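Here is a sequence together with a model predicted from it:
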Amino acid sequence: AQTVTQSQPEMSVQEAETVTLSCTYDTSESDYYLFWYKQPPSRQMILVIRQEAYKQQNATENRFSVNFQKAAKSFSLKISDSQLGDAAMYFCAYLSGTYKYIFGTGTRLKVLA
Amino acid sequence: GAGVSQSPSNKVTEKGKDVELRCDPISGHTALYWYRQSLGQGLEFLIYFQGNSAPDKSGLPSDRFSAERTGGSVSTLTIQRTQQEDSAVYLCASSRGGGGDTQYFGPGTRLTVL
């Protein structure tokens, strides 16, 4: 069965600095999708970034980028120039060719002014 | 609508009562999902709809939980004879289709069972 592991329950970063959130997963499939979602106190899960496993190029969205290492089954999220509004829970998620997301337990990110 | 909406935002109920949680997906999205998020936990898959059919109900924790979807749109999650362990945030998501489509989430319903 697929699993997703986020080993950092909490991280802190100074405003304007860079932080990397870790995610590893376990799967025997070759075709799948990986996501990072942000959940602020409002509870709304917001898509941050999406990566297709067949693409070797790392996805980027403005200040957010991933380091996707397929062989190592690692999918880390880098947030550059951190802002106060980035403070939230961040969830890594795996999706195979079906529909069932498998989520990690999340990393709480604190941004220090 | 512009996004997934859920109602109520918060629900407090007494143990043993039935509750209904509602989800309005993004217009045109055929797939709809329910998840449960307990305090400090990740998201637990409950059920998936494609149109009005639910091909996968494997995540429903017990027979006290049921869900339906009508008109390929609105979905209702019903919890009968609520228990304190049912207290959680219930999140709904929708996607254009199934497969690898990105799921878009609603703001959730926080259920508290006293």
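Sure thing, it's come through. No experiment lies behind these values; they were computed from the predicted model shown.

From here on, just use CA atoms for contacts and neighbour counts.
Fine.

What helix or strand is the closest residue to B:E20 other than its chain neighbours located in?
Distances taken as CA to CA, 6 or more residues apart in numbering or on different chains place B:T78 nearest to B:E20, at 4.5 Å, with adjacent residues excluded. Under the criterion of DSSP states H and E, B:T78 resides in strand B:75-79.

Run the angle between the helix or strand that that strand is followed by and strand B:75-79 for me.
Per DSSP H and E, the first helix or strand lying C-terminal to strand B:75-79 is strand B:88-95. Here strand B:88-95 points in a direction 160 degrees away from that of strand B:75-79 (axes from the mean of the first three to the mean of the last three CA atoms, to 10 degrees).

Summarise which helices and strands the helix or strand just after strand B:88-95 is packed against.
As assigned by DSSP H and E, the chain's next helix or strand after strand B:88-95 is strand B:104-105. The helices and strands touching strand B:104-105, judged by 3 or more CA pairs under 8 Å, 6 or more residues apart in numbering or on different chains; DSSP states H and E, are strand A:46-52, strand B:88-95.

What's the first helix or strand after strand B:104-105?
Following strand B:104-105 in sequence, per DSSP H and E, is strand B:109-113.

got the CA coordinates for that following strand in PDB?
Output of strand B:109-113 as PDB, limited to C-alpha atoms (Å, rounded to 0.1, in the frame of the first residue of the first chain):
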ATOM      1  CA  THR B 109     -17.500  21.500   8.400                       C
ATOM      2  CA  ARG B 110     -16.300  21.300  12.000                       C
ATOM      3  CA  LEU B 111     -18.400  18.800  13.800                       C
ATOM      4  CA  THR B 112     -18.400  18.700  17.600                       C
ATOM      5  CA  VAL B 113     -20.200  15.900  19.400                       C
END
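
Can you confirm whether it lies near chain A?
No. Shown here: strand B:109-113 not in contact with chain A (CA under 8 Å from any CA of the partner chain), separated by at least 9.1 Å.

packing partners for that strand?
strand B:10-13, strand B:88-95.

which one of those strands lies closest to chain A?
strand B:88-95 (8.6 Å; CA to the nearest CA).

Secondary structure element holding A:Y54?
Using DSSP H and E, A:Y54 falls outside every helix and strand.

To clarify, my last question referred to A:V4.
Going by DSSP H and E, A:V4 is in strand A:3-5.

What residues of that strand count as buried?
A:4-5 (16 or more other CA atoms under 10 Å in any protein chain shown).

elements contacting it?
Strand A:3-5 packs on strand A:24-26, strand A:88-95, strand A:102-103, going by 3+ CA pairs under 8 Å, 6+ apart.

Touching the longest one from outside, list them.
The one in question is strand A:88-95. A:4, A:6, A:23, A:25, A:32-41, A:101-110, B:42, B:100 (CA atoms under 8 Å, 6 or more residues apart in numbering or on different chains).

which parts of chain A sit against chain B?
Counting by CA under 8 Å from any CA, the residues of chain A near chain B are A:32-33, A:42-47, A:91, A:95-106.

Now for the residue most central in space within chain B: which residues touch it?
Taking CA atoms, centre = their mean as the criterion, B:W34 is the residue nearest the geometric centre of chain B, at 3.4 Å. For B:W34, the contacting residues are B:45-48, B:90-93, by CA under 8 Å, 6+ apart.

Which pair in those residues has the greatest spatial separation?
B:Y48 and B:Y90 (13.7 Å; CA to CA).
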